[in-house]
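Visitor: Everything below, folded, please.
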Amino acid sequence: MPHKSKERSIVQKLDLDGYILQFEDFFSRKKPVAIPGDINQHYRYITALSNVQFPQPDKVPVLERELNVIRKQGVLALEEIFSFVKIISYFNKLKALTLPEPLASWIGEIEIPESIMEIIGYFTEEGEINPEKDETLMQLEQALKYNRKEIKETLYRLTHAAKLQDYLVDTQVHFHGGEETLLVRGGFNHAIKATVVGRSAGGFFYIIPQTVTHLKEKEAALLSDRSEVIYRYCKEISATFFEWERFLSFLDKAYDRFDHYQARVSFARAKEYEFVLPSKQKGVILHDFAHPAIENPVPVSISMDRPILLVTGVNAGGKTMLLKSILSAVYMSKYLLPFKCDVTRTRVGHYKHIEAVIDDPQSVKNDISTFAGRMQEFAKLFSKENAIVGVDEIELGTDSDEAASLFRVMLEELKRKGISFVVTTHHKRLASLMASDDDVELIAALYDEERRVPTYTFLQGSIGKSYAFETAQRYGVPPAIVNRAKEVYGEDKENLNELIEKSTTLERQMRQKIAQIDEELKSVERQKQKLIDTEENLKEQHRKALATLENRYNAATKKAREALKAKESTEGRRLLNEAHKRKQVEVKEAALKEPEPLKEGDKIKYRSHKGELLSIRGKDATILVDGMKMRVPLKALKKRQDTPKVKAPKKPKKSTHHVEKSGATVSVKLLGMYGDEAIDTVDKFLSDALVNGLSEVQIIHGTGGGVLAKLVTDYLKQHPKIQKFYRMPGNLGITVVEL
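Guide: Numbering: from 1, shown residues only. So this is what the prediction gives:
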């Protein structure tokens with residue numbers, strides 16, 4: 001219940017309550033909005049269902065109580081049984097459709113038992129037992145029909161009887177208390193025997209004639225007999241349901257699951273909305289997004305690819321709307337609810353928690369100030385991870401300069417815990433403090449100065465003006481008052497604000513250019529590597545061409561020798577000797593051009609690393625690079641020609657890899673160990689390394705599922721003697737530790 005209340009709170013804060021109510025109308029029965037289970041699997045089913053037409057399910061109640069009655073071998077009422085019949089009948093309709101995968105497999109695997117199928121035939125479309133299935137019930141139904149006809153005809157005859165005309169108020173049959181009656185004046189007892197069942201506002205009497213009373217008693221007896229027959233059916237069907245209670249529970253859950261799918265698809269079709277599956281990558285990119293609570297909205301296109309999005313600018317210019325739009329997109333995507341956007345260019349990351357610090361908590365009931373309330377909200381965030389938080393007017397309730405410093409530190413600390421922020425402010429202090437942080441994206445709300453109205457559009461990478469004076473004048477504050485306020489404010493501060501905005505913009509542009517240059521350098525490196533690969537391919541092609549020519553030459557000379565044996569020719573011998581000489585010259589030239597083949601023990605260069613060739617197996621080679629054995633393509637290696645050095649007197653060897661030093665080693669392998677065993681091994685390994693004065697060691701934990709790597713990282717973070725540790729590049733599964 002608290003979780004549900006919290007979800008409702010975030011829905012209201014983001015103005016999604018009306019949207020959620022509209023969506024819930026598409027459910028066949030009431031349930032929470034979230035779908036339990038794997039969201040990726042649900043998305044596949046929803047996508048498949050979006051491609052077909054399907055019948056709308058009937059409205060049915062939640063059947064948890066009815067299932068408990070079945071488990072206790074109780075007897076269900078007829079309408080309760082019919083609720084199960086509607087669910088079973090709906091799955092029969094689905095099984096008759098041609099559905100795409102994976103829907104076809106899922107629905108096809110639901111096999112309804114024959115005894116349950118027979119029960120469906122007992123019912124009419126209105127939920128009554130079909131009298132054609134039971135002779136006794138058929139007779140009772142016919143008797144009831146005839147009796148009701150008799151009541152109607154009797155009342156009609158009485159309304160036209162001459163002796164009663166003077167007492168009848170009208171000739172209508174009145175329903176009073178569920179009974180068919182006549183409305184008469186006082187003294188009616190002189191003309192007819194009847195029972196008074198009520199009086200009208202005009203003082204007249206509602207009566208049931210005695211002849212009709214006998215027919216009513218007969219009808220009651222027939223209805224009682226009919227109820228006994230119906231109860232017998234309910235008892236028999238409930239007993240069958242008890243035998244198949246587990247199947248009915250399964251079918252009830254499957255119906256709820258399909259109801260989630262069909263409601264979303266039907267809602268999306270009705271509103272022309274799109275589904276966006278949450279991405280594993282953090283961040284939010286919206287294109288032509290429209291918040292469902294806004295009529296005729298200006299489509300929002302925004303990119304939040306950094307942990308903090310800081311929105312500044314005009315009051316009433318759409319900052320809060322932008323904040324709610326981003327958080328709403330995350331919420332709707334998280335629960336696979338459709339919304340309006342350009343789905344091909346929209347990406348929404350997955351966040352475990354969605355928080356909105358929007359309301360002013362100050363009130364007599366809360367007995368708390370605005371700023372204190374904000375501090376309470378932020379204090380709760382330190383216990384969360386993997387969250388996206390929206391904070392509207394972040395410096396609300398206190399001095400903006402002091403708050404800017406405080407919130408900057410808190411935002412930076414919470415950012416390290418994996419929390420992303422969308423923050424709005426009309427103060428420039430916080431924006432100027434955080435503008436240089438690469439993890440902060442600045443957004444300015446744009447304002448039309450000529451028309452003096454907000455545009456509800458946004459510019460990334462800039463700080464926006466608050467336009468307080470313009471806003472005041474737009475809402476009716478006299479121009480003279482605004483002009484006096486501008487004088488009090490002073491030109492210096494206005495100039496300072498403009499300088500802050502310009503300097504921030506320039507700094508952003510500089511960082512963007514640096515990032516662009518870095519990207520261009522990476523592109524050049526990729527092109528360089530591509531050229532190296534092309535060169536290697538050409539060399540390989542050249543080698544194959546030489547081998548082909550060699551084969552052709554050998555075949556030609558062989559045929560020439562055979563021909564000369566058959567018929568001696570001095571000129572033929574001369575030409576053959578000349579060909580041999582030319583081939584020997586070409587072989588020598590090729591030998592000069594071809595690099596010396598690699599062999600075991602050679603010093604080699606692999607990319608930018610230097611190492612030693614240990615062994616060759618086919619087209620692959622095993623090398624030793626920085627103490628690690630690696631298997632790489634043989635063609636990726638180059639022989640390294642080291643400059644010969646003058647031999648120095650032999651000293652005891654000092655190696656940084658797998659060489660013992662007074663009982664301590666510079667690396668340890670954790671491969672194949674359990675978690676506790678691995679941590680104990682690392683603890684002893686680091687202790688030995690510290691005692692023996694080692695400055696750098698390596699922990700080999702492998703890649704695998706990443707469990708050992710995470711355990712090692714968590715342990716190293718808490719170790720007091722660790723100066724620095726980092727993962728060795730190349731996804732080698734090694735962590736380097738500096739002591």
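Visitor: Just the terminal-to-terminal distance for stretch 18-33.
Guide: 14 Å (C-alpha to C-alpha, to the nearest Å).
Visitor: Now that stretch: buried residues?
Guide: Within stretch 18-33, the residues that count as buried by 16 or more other C-beta atoms under 10 Å are 19-20, 23, 26-29, 33. In short, each C-beta sits where N, CA and C put it, glycine included.
Visitor: as a whole number, average confidence for it?
Guide: Stretch 18-33 shows a mean pLDDT of 94.
Visitor: Likewise for stretch 132-152?
Guide: In this model, stretch 132-152 has a mean pLDDT of 90.
Visitor: and if you look at stretch 155-174?
Guide: Averaging pLDDT along stretch 155-174 gives 88.
Visitor: next one: stretch 271-286
Guide: The average of the pLDDT scores along stretch 271-286 is 93.
Visitor: List of residues touching it?
Guide: 39-40, 43, 46-47, 50, 264, 267-268, 292, 300-307, 325-326, 329-330, 332-334, 336, 338-341, 343, 345-351, 388, 420 (C-beta atoms under 8 Å, 6 or more residues apart in numbering).
Visitor: Check stretch 77-97 too.
Guide: Stretch 77-97 is contacted from outside by 52, 54-55, 57-58, 60-61, 63, 66, 69, 107-108, 110, 112, 116-117, 119-120, 123, 127-129, 230, 233-234, 237-238, 241, 248, 251-252, 254-255, 258, using C-beta under 8 Å, 6+ apart.
Visitor: buried sites along it?
Guide: So stretch 77-97, judged by 16+ other C-beta under 10 Å, has buried residues 78, 80-91, 94.
Visitor: Report the distance from it to the chain centre.
Guide: With C-alpha atoms, centre = their mean, to the nearest Å as the basis, stretch 77-97 stands 32 Å off its chain's centre.
Visitor: what's the answer for stretch 55-75, then?
Guide: Averaged C-alpha coordinates place stretch 55-75 at 32 Å from its chain's average position (C-alpha atoms, centre = their mean).
Visitor: What about the contacts of stretch 271-286, which are in helices?
Guide: 39-40, 43, 46-47, 264, 267-268, 325-326, 329-330, 332-334 (DSSP state H).
Visitor: Give me the most central residue, the chain.
Guide: Closest to where the C-alpha atoms of the chain average out (C-alpha atoms, centre = their mean) is Pro278, at 2.7 Å.
Visitor: and the gap between the spatially closest residue to that one that is not a sequence neighbour and Gln41?
Guide: For Pro278, ignoring the flanking residues on the chain, the nearest one in space by C-beta to C-beta, 6 or more residues apart in numbering is His350 at 3.7 Å. For His350, the distance to Gln41 (C-beta to C-beta, to the nearest Å) stands at 15 Å.
Visitor: okay, those two: which has more neighbours?
Guide: Between His350 and Gln41, counted using other C-beta atoms under 10 Å, the more crowded position is His350 (16 against 11).
Visitor: still on that earlier bit, tell me the one among the ones in helices among the contacts of stretch 271-286 nearest to Leu637.
Guide: The nearest member of the ones in helices among the contacts of stretch 271-286 to Leu637, counting by C-beta to C-beta, is Asn40 at 42.0 Å.
Visitor: How is the chain partitioned into domains?
Guide: Domain assignment for the chain by automatic domain parsing gives 26-113+244-271, 150-219, 284-489, 528-588, 603-639, 667-738.
Visitor: Relative to the whole chain's centre, how far out is the longest one?
Guide: Taking C-alpha atoms, centre = their mean, one finds domain 284-489 lying 23 Å from the centre of the chain it belongs to.
Visitor: For stretch 183-196, what is the spacing between the initial and final residues?
Guide: 10 Å.
Visitor: For that stretch, give the mean pLDDT please.
Guide: Computed over stretch 183-196, the mean pLDDT rounds to 89.
Visitor: wait, isn't Ile129 in contact with Leu137?
Guide: Yes. Ile129 is within contact range of Leu137, at 6.4 Å (criterion: C-beta atoms under 8 Å).
Visitor: what helix or strand does Phe250 sit in?
Guide: Element membership for Phe250 (DSSP states H and E) is helix 245-271.
Visitor: Please state the offset of that helix from the chain centre?
Guide: 20 Å.
Visitor: Tell me where the stretch 251-400 of the chain has strands.
Guide: In the stretch 251-400 of the chain, strands defined by DSSP state E, counting those that start in this stretch lie at 284-289, 300-304, 308-313, 347-348, 353-357, 387-391, listed in chain order.
Visitor: Tabulate those (TSV), appending mean neighbour count.
Guide: Output for the strands of the stretch 251-400 of the chain, formatted as TSV (neighbours: other C-beta atoms under 10 Å):
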stretch	mean neighbour count
strand 284-289	20
strand 300-304	20
strand 308-313	25
strand 347-348	22
strand 353-357	20
strand 387-391	24
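Visitor: got a pLDDT number for Thr240?
Guide: On the pLDDT scale, Thr240 gets 95.
Visitor: List the contacts of it.
Guide: Contacts of Thr240 (C-beta under 8 Å, 6+ apart): 115-116, 119.
Visitor: In strands, which of these fall?
Guide: Under the assignment DSSP state E, the contacts of Thr240 contribute nothing to strands.
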